[in-house]
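Novice: Sequence plus the predicted model coming up.
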Amino acid sequence: MPERPNGNYVSQSDALRVWVPAAREALAAAADAGSRITDVELAQRIQSAPEVSTRQSLDEWFGKLLDRVRADASARAEQDPTVALVRTESAAAGLTRKARTRATGDRTPRERASRAKPPATPALREVTCTSCFMLVSLAPECRECGAPLPAAST
């Protein structure tokens, strides 16, 4: 979660309000210079701002930041400043395992097996005894009170 230098937490949306202008400025400067900036460099520049910082991985906040930068540029009728951005492999290293898996589809055999559908099991056939009102498995007589059971409806 983003926080101020004094350790107080800040909401993600409040942090983005601080980071968007800084990101737009850094991206515009790179575009004006005819150079490019990596996502890691941009994140470091944004985090160097004294108001708000975070220890979250890039996948937690960077995509939302870029969406807001694009929306801000669109509202100002400006060119998309994110064209000066270069995605790096080291940014992927900052992703959590879950995000990397989602992005690459790379799962271990154990993960693939755990996501597989379980084998179909036959439905249990149970009825309610009309004498003791217990739910019992289908049989000619109730295992609780010995009363004859009604046929199960299918």
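Specialist: Arrived safely, thanks for sending. Numbers count the residues shown, from 1 in each chain.
Novice: can you list contacts of the longest helix that the chain contains?
Specialist: When the chain is parsed with DSSP state H, its longest helix is helix 12-32. Defining contact as C-beta atoms under 8 Å, 6 or more residues apart in numbering, one finds that helix 12-32 is touched by 1-2, 36-37, 42, 45-46, 49, 51-52, 54, 61, 64-66, 68-69, 72-73, 79, 81-85. The way it works is simple: take the backbone N, C-alpha and C, and place the C-beta from them, glycine included.
Novice: That one: what's the following helix or strand?
Specialist: Using DSSP states H and E, the helix or strand that follows helix 12-32 towards the C-terminus is strand 37-38.
Novice: after the one helix or strand Ile46 maps to, next one along is what?
Specialist: Following DSSP H and E, one finds Ile46 within helix 39-47. Downstream of helix 39-47, the next assigned helix or strand under DSSP H and E is helix 58-75.
Novice: now the helix holding Ile46 against helix 58-75, angle please.
Specialist: 80 degrees (axes from the mean of the first three to the mean of the last three C-alpha atoms, to 10 degrees).
Novice: can you give me how far helix 39-47 is from the chain middle?
Specialist: The chain centroid and the centroid of helix 39-47 are separated by 21 Å under C-alpha atoms, centre = their mean, to the nearest Å.
Novice: circling back: now which of the contacts of helix 12-32 would you call buried?
Specialist: Buried members of the contacts of helix 12-32, scored by 16 or more other C-beta atoms under 10 Å, are 2, 37, 42, 45-46, 52, 54, 61, 65-66, 68-69, 73, 81-82, 84-85.
Novice: hmm, back to that, quick one: average confidence on the longest helix of the chain?
Specialist: Across helix 12-32, pLDDT averages out at 86.
Novice: swap in stretch 73-92?
Specialist: 77.
Novice: List the contacts of that stretch.
Specialist: 24, 27-28, 30-31, 35-40, 42, 58, 62, 66, 69-70, 100, 103.
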